[in-house]
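[1] how does the following fold in three dimensions:
(2 chains)
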Protein chains: 2
Amino acid sequence: MAENRFNKDIGRHSVVFETPVYVRGYACVGGKKEGEGPMGECFDLIEQDPYFGQNTWEKAESRMQELAMTYALHKAQCEVKDIKYLFAGDLLGQLMATSFSVNKIEIPLFGVYGACSTFGEAIGLASMAIDGGFAGNTMALTSSHFSGAEKQFRFPLDYGNQRPRSSTWTVTGAAGIVLSNSRHGSNVCIKGITTGHIEDYGIKDSMNMGACMAPAAASLIECHLDEWDVTPDYYDKIVTGDLGKIGKKILIDMLMAKGINIAGNHMDCGIEIYDCKEQDSHCGGSGCACSACVLCSFLLKKLERGEYKRILFVPTGALLSGTSFNEGSSIPAIAHGVVFERI
Amino acid sequence: MAENRFNKDIGRHSVVFETPVYVRGYACVGGKKEGEGPMGECFDLIEQDPYFGQNTWEKAESRMQELAMTYALHKAQCEVKDIKYLFAGDLLGQLMATSFSVNKIEIPLFGVYGACSTFGEAIGLASMAIDGGFAGNTMALTSSHFSGAEKQFRFPLDYGNQRPRSSTWTVTGAAGIVLSNSRHGSNVCIKGITTGHIEDYGIKDSMNMGACMAPAAASLIECHLDEWDVTPDYYDKIVTGDLGKIGKKILIDMLMAKGINIAGNHMDCGIEIYDCKEQDSHCGGSGCACSACVLCSFLLKKLERGEYKRILFVPTGALLSGTSFNEGSSIPAIAHGVVFERI
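    Okay, the predicted model is just below:
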C-alpha cells in the first residue's frame, strides 16, 4: 500500500479516490415556494406549512433535516445503524438545525460549516471516510430555511423590509445523500474532490452574496481544472451553488480573463431552482439547501438516466455572520468541488 | 488492499489507524488569566491585552488563531503550503473567528463545529485525512474568547451579571496541531478515534454546562472502552474537555453505575487550567480553547517526556445556541475521543 499511498493526492487542493464512492441514495424536501419552482416535481416531499408542524423557524428546519434523512435512508434501503458517520451542518449559529435534528438518534456526528457550501464540504468528507476505509456507509445532510435565515442574517420577516434586486432568496429545504463503498445498484459515483480556501475581496454587502462568492467559485474552478488537468468540456455541467445572476456573470468574466471559458456548460443552482421572474426571487435562490436540493432532485437523476456523464458540483458559501457584518467586516467566501460521474 | 480495508473500522463509533499519524508540532496562546493559571508557563505565548491588538473580541479571537497557527507551523518546521488541509472551528456563529483568521492565506479549509469538542472533531478528521492517504500534513486549529463567548451566549460584560457557582469560565486562547504521515522526530502519534453522537438529557441551564455535557462524555467513554476492548487503566489519563467540578462528579457517577471506574485516572481540562479557588473560575474553564490549550501546553509534553504512555483525550461540547436557548430548548451535547500514544 505504501507506494501508491499518494496517488490520490494529486495537487494542493485535490484528491482522486482510489475506489468508487457510490451514491447509494438521496432525497430532498422543500417548502411551498420550492414546490412551485421548476424543480418542484423532483422533490421527494413538498410541505405547504412553512413551520413544518413546529412552532419556530429553527425547529422547522430541524424537522426538514429529519425528513430528508428518513427519505434518503429509505431510498438507500438502509437504516441509521448502517451509517457509520453523519456529516451535517446548516446556516444557523452553532448549527442549531443539525443539533436538534439528530439529538434523538445515536449516529456518530461530524458537524461541518461552510455556509452555503456546506453540502460540498460534507460530501467531500463523507467520501473521504469511505475511500479511506473508515466506513462502509456515510451520510451528508444539510438544510436552510428562508425565514430562519432572514431573522438571523438580515431582518425578521415582520419588519417587511425591501429586498434589493441583487438579493437572493434562501431556499427552504433539506437534502441528504447516502454514500457507500458497495454498489447497491447505483450507477453514479464520486470520483474525487477539490477543497477550497477562503477568498475575501472585501465585499460587505449582505444583499449581494453572489458578488461575495464569485471569486471563491472562480478560484476553485480554475484550481480544479489545473490540478485535474482537464478542460471545462470534460464536464457536461459545471454547477455552482447559489451565485445567482450577478454572481454568475462575475464568475464567467473572472474565468474568461484567465482564458477559461465555462459559459457554454455552466449552470447555477440559484438561478435554476426558482422561476426568477414569476417567483420574485430576484437574483435567484441561495442557502445550504439550494445546491443540495438541486443536486438531490435534479442533477443526480440526470446522471442516473445518462443525460449527463459527468458533472463538477461546486457549492459556494458566503461566510456571513450577523456580528461581523454589524462590526463592518467583509464577507469572506469559500467553495468546494465534487466530481460526480455516471459509471 | 481490499481484504484489510475494514480492519480499521472496529466498531460503530471507532476507527484504529493503519499507519501512525504523527504529532509533528503544536502550539497554544492564551490571555492574562490563562497565563496566571497552573499551566501558564507551558503556553507558547501569553498576551496581556485581551483584545490582542484588535478592536473587537471577535477579531481578537481571529488574531489568536493566527498566532497559534504561526507558532505551531514554526515548531513543526513547515509552512502553510506544506499543509494540505486545515480543519478549524470555533464557538462563534458561522465560525466567525476561523473565517477571519485564514481569509488572507490560501489553505484548503474544512470548517468544523462541535462546540467545545471542536478540537477533538478537527483532530479526528485531520488524522483520517492522513491515514486515508489524502494528505501528508494536516492541521487542526481552534479558539475561544471569554468576552466574545459571554456576549454571544449570555450577557455582554458591561451588564456585570452575576455568575452562579455552577458556571464555568470560557478560556481565552487558541491552539493548533500539525499532524503528519512522516515522523520528523516526533515520538507521539494518534492511534485512532472514537466519534460521538449527540446526547440530550433535556437540561436547559446555560450556566451549568458540565451537567449538559457529562452524559455525552460518559456515553463516549463507555462506547470507546467497549469498542477498543480495553479497561480504563489502559490509559494513563482519560482526559475530558471542560466538564468542570459538577460535570466531573456526574461523569464518574454515571460510569460507576455501569460498572466502569475511571475515578483513579480521570482528569478534566476545565478543572486543571485555572486555580479555581484563587482565580474565581467557579466550576473551571470551558470553551474550545480549554481542552485544546491543555493538550497543546501540558498533555503532549507529558507524552513526549514519557511521563504518560497513552491518553484518551475526550473534548466535550455543549451545543448551546443563544436562539435555541431563548426559545426554551434544551442544550444537546457531544464528545469526541482521540487516542494519543508515545512511540
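
[2] give me the secondary structure label for the closest residue to residue A:51 other than its chain neighbours.
    Once flanking residues are discounted, residue A:51 sits nearest to residue A:60: 4.8 Å by C-beta to C-beta, 6 or more residues apart in numbering or on different chains. Where you see a C-beta, it was placed from the backbone N, CA and C, and this is true even at glycine. Of the three states, residue A:60 takes helix under DSSP: H, G, I helix; E, B strand; the rest coil.

[3] near residue A:60, how many other residues are there?
    23 (other C-beta atoms under 10 Å in any protein chain shown).

[4] again, but for residue A:32
    By the criterion of other C-beta under 10 Å, residue A:32 has 14 neighbours.

[5] do I have it right that it meets residue A:48?
    Yes: contact criterion C-beta atoms under 8 Å: residue A:32 and residue A:48 qualify, at 5.2 Å.

[6] dump the residue contacts of the residue nearest to residue A:51.
    Residue A:60 makes contact with A:50, A:51, A:52, A:53, A:54, A:145, A:147, A:148, according to C-beta atoms under 8 Å, 6 or more residues apart in numbering or on different chains.

[7] any idea how far it lies from residue A:54?
    Going from residue A:60 to residue A:54 by C-beta to C-beta, to the nearest Å gives 5 Å.

[8] which stretches of the stretch 51-200 of chain A form helices?
    A:57-75, A:96-101, A:118-131, A:146-153 (DSSP state H, counting those that start in this stretch).

[9] out of those, nearest to residue B:88?
    helix A:118-131 (12.2 Å; C-beta to C-beta).

[10] same question for the closest one, mean pLDDT?
    If you average the pLDDT over helix A:118-131, you get 98.

[11] distance of the closest residue to residue A:232 other than its chain neighbours relative to residue A:307?
    Nearest-residue entry for residue A:232: residue A:262, 4.6 Å, with adjacent residues in sequence omitted and distances by C-beta to C-beta, 6+ apart. Using C-beta to C-beta, residue A:262 is found at 19 Å from residue A:307.

[12] neighbour-wise, which of these two wins?
    residue A:262 (25 against 11).

[13] hang on, that one packs against residue A:221?
    Yes: Residue A:262 lies in contact with residue A:221 (C-beta under 8 Å); the separation is 6.8 Å.

[14] now the common contact residues for these two.
    Common neighbours of residue A:262 and residue A:221 (C-beta under 8 Å, 6+ apart) are A:238, A:251, A:255.

[15] of the residues you listed, closest to chain B?
    Distance to chain B, by C-beta to the nearest C-beta, is smallest for residue A:255 among these, at 17.6 Å.

[16] host element of the closest one?
    Using DSSP states H and E, residue A:255 sits within helix A:244-256.

[17] how distant is that helix from the center of its chain?
    19 Å (C-alpha atoms, centre = their mean, to the nearest Å).

[18] can you name every helix or strand that that helix contacts?
    In terms of contacts (3 or more C-beta pairs under 8 Å, 6 or more residues apart in numbering or on different chains; DSSP states H and E), helix A:244-256 is packed against helix A:209-228, strand A:237-240, strand A:266-268, helix A:269-273.

[19] right, so these: which one is the most enclosed?
    helix A:269-273 (a mean of 28; mean count of other C-beta atoms under 10 Å in any protein chain shown).

[20] next secondary structure after that one?
    Next in sequence after helix A:269-273, counting helices and strands by DSSP H and E, comes strand A:285-286.

[21] can you get me a residue count around residue A:157?
    With other C-beta under 10 Å as criterion, residue A:157 counts 13.

[22] next one: it relative to residue A:146, how far apart?
    Taking C-beta to C-beta, one finds residue A:157 at 9 Å from residue A:146.

[23] and residue A:229, by the same measure?
    In this view, residue A:229 and residue A:146 are 40 Å apart by C-beta to C-beta.

[24] ok, now residue A:202?
    Taken as C-beta to C-beta, the span from residue A:202 to residue A:146 is 27 Å.

[25] one more: residue A:343?
    Residue A:343 is 36 Å from residue A:146, where distance means C-beta to C-beta.

[26] looking at those two, which is more packed in?
    Remark: of residue A:343 and residue A:146, residue A:146 carries more neighbours, 22 against 11, as counted by other C-beta under 10 Å.

[27] for whatever residue of the stretch 51-200 of chain A ends up closest to chain B, grab phi and psi.
    At 2.5 Å from chain B, residue A:132 is the closest residue in the stretch 51-200 of chain A, using C-beta to the nearest C-beta. Phi and psi for residue A:132, reported as degrees, to the nearest 10, are phi -80, psi -10.

[28] any idea how far residue B:117 is from the closest residue to it other than its chain neighbours?
    Nearest residue to residue A:132, sequence neighbours excluded (C-beta to C-beta, 6+ apart): residue B:132, at 2.5 Å. As judged by C-beta to C-beta, residue B:132 and residue B:117 stand 21 Å apart.

[29] with residue A:322 instead?
    If you measure residue A:322 against residue B:117 using C-beta to C-beta, the figure is 24 Å.

[30] these two: which is more packed in?
    Neighbours of residue A:322 and residue B:117, each counted by other C-beta under 10 Å, are more numerous for residue B:117; the result is 35 against 16.

[31] report the contact partners of that one.
    Contact analysis of residue B:117 by C-beta under 8 Å, 6+ apart lists B:196, B:241, B:315, B:316, B:317, B:334, B:335, B:336.

[32] rerun at 7 Å
    B:241, B:315, B:316, B:317, B:334, B:335, B:336 (C-beta atoms under 7 Å, 6 or more residues apart in numbering or on different chains).

[33] which two among those are spaced furthest apart?
    So, these by C-beta to C-beta: farthest apart are B:241 and B:334, at 10.6 Å.

[34] burial count for residue A:166?
    Neighbours of residue A:166 (other C-beta under 10 Å): 17.

[35] surely it and residue A:247 touch.
    No: in terms of C-beta atoms under 7 Å, residue A:166 does not count as a neighbour of residue A:247; the distance is 9.5 Å.

[36] what is the distance between stretch A:321-332 and the centre of its chain?
    With C-alpha atoms, centre = their mean, you get 22 Å for stretch A:321-332.

[37] what about that stretch, start to end distance?
    Distance between the two ends of stretch A:321-332: 10 Å, counting by C-alpha to C-alpha, to the nearest Å.

[38] got the contact list for it?
    So stretch A:321-332 is contacted by A:152-153, A:198, A:200, A:202-204, A:206, A:212, A:318-320, B:56, B:58, B:93-94, B:96, B:99-100, B:103 (C-beta under 7 Å, 6+ apart).

[39] do you know how far residue A:330 is from residue A:200?
    5 Å.

[40] also residue A:163?
    Taken as C-beta to C-beta, the span from residue A:163 to residue A:200 is 24 Å.

[41] neighbour count for the two, which is higher?
    residue A:200 (20 against 16).

[42] that one and residue B:103 touch, don't they?
    Yes: counting by C-beta under 7 Å, residue A:200 touches residue B:103, with 4.1 Å between them.
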